[in-house]
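Asks: generate coordinates for the sequence data below:
(4 chains)
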Number of protein chains: 2
Amino acid sequence: MKTTKRRALERAGWRTGSADEFLGLKAEETTLVTMRLSLAEKLRGRRTKLGLSQTDLATRLGSSQSRVAKMEAGEADVSLDLLVRAMLNTGASAREVAHAIAAA
Amino acid sequence: MKTTKRRALERAGWRTGSADEFLGLKAEETTLVTMRLSLAEKLRGRRTKLGLSQTDLATRLGSSQSRVAKMEAGEADVSLDLLVRAMLNTGASAREVAHAIAAA
DNA sequence: GCCAAATATGTCACTATCGACATAATCGTC
DNA sequence: GACGATTATGTCGATAGTGACATATTTGGC
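Replies: From the prediction side, this is the model:
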């Protein structure tokens, strides 16, 4: 796995204290995490492009700024459901969501 | 919305007692639900193609037969995360998962 | 039409995820 | 370098999703 990708995962708080722990993630888990990060990244892009603050988006979603921050950080306790819901709220189509996911 | 799609949603137990209730779902929620159903359908296809019973797949996932049944029914209390994890477990690629999602 | 295997449905404790809040860190602008 | 606005981080009680189990229903071979 590329170092840049691993760095991204570590930044998001996934258990990667040591290489061994990191490699302890099953391939399917890693893919899932990568999907989350990809969605997170696209979400931030869409939000900023719309000129919205995290607080603005949070309001639209009936959520809170801190949770939006966590979404965009791709933190471990953010569900795919929430990320997808947020993407759709910014006007993304199913195809666009799919594109983000395919990138993983 | 097409009747067939609506029927599929109703079958899966989404609140659709009346047309009004049904239409009460926001477009973004409907899309999310449709994604779930699409993944559910593909999952069943992949499982059967592999010649696995729901119990077999459940074991591989560390889950239970009843939950697999619910996944494949696209029931409301099944998360996207779980569906995607299951898809990946059957050997689906990120691209294949994305394709299912794009269909919504 | 029986039987066994597979699938569906309902329920329940346990846990992960949630919105909310407080607070810290970062960034522009002056 | 102070300020206001934005974003990041940590925590908590509430709730939605989970595996497990019991049981009902469906399916297919005989």
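Asks: for stretch A:45-62, which positions count as buried?
Replies: A:46-47, A:52, A:54, A:57-58, A:61 (16 or more other C-beta atoms under 10 Å in any protein chain shown). For glycine as for every other residue, the C-beta is placed from the backbone atoms N, C-alpha and C.
Asks: near chain B at all, it?
Replies: No. Using C-beta under 8 Å from any C-beta of the partner chain, stretch A:45-62 stays clear of chain B, coming no nearer than 9.7 Å.
Asks: hmm, back to that, now, which of the buried residues of stretch A:45-62 sits nearest DNA strand D?
Replies: Comparing the buried residues of stretch A:45-62 against DNA strand D with C-beta to the nearest atom of the strand places A:Q54 closest, at 3.7 Å.
Asks: which non-adjacent residue is nearest the closest one?
Replies: Leaving aside its sequence neighbours, A:Q54 sits nearest to A:V68 (C-beta to C-beta, 6 or more residues apart in numbering or on different chains; 4.2 Å).
Asks: ok, the one you found - contacts?
Replies: A:47, A:54-55, A:57-58, A:61, A:86 (C-beta atoms under 8 Å, 6 or more residues apart in numbering or on different chains).
Asks: in helices, which of those appear?
Replies: A:47, A:54-55, A:57-58, A:61, A:86 (DSSP state H).
Asks: these into JSON lines, with extra columns for pLDDT?
Replies: Shown next, in JSON lines, are the ones in helices among the contacts of A:V68 (pLDDT from 0 to 100):
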{"residue": "A:R47", "pLDDT": "98"}
{"residue": "A:Q54", "pLDDT": "98"}
{"residue": "A:T55", "pLDDT": "98"}
{"residue": "A:L57", "pLDDT": "98"}
{"residue": "A:A58", "pLDDT": "97"}
{"residue": "A:L61", "pLDDT": "96"}
{"residue": "A:A86", "pLDDT": "97"}
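Asks: what is the most widely separated pair among the residues you listed?
Replies: A:T55 and A:A86 (13.7 Å; C-beta to C-beta).
Asks: which bits of chain A sit near chain B?
Replies: Residues of chain A lying near chain B (C-beta under 8 Å from any C-beta): A:28-29, A:31-32, A:34-35, A:79-81, A:84-85, A:88-89, A:94-95, A:97-99, A:101-104.
Asks: just the element for the spatially most central residue of chain A, please.
Replies: Nearest to the mean C-alpha position of chain A, counting by C-alpha atoms, centre = their mean, stands A:A40 at 2.7 Å. Using DSSP states H and E, A:A40 maps to helix A:27-49.
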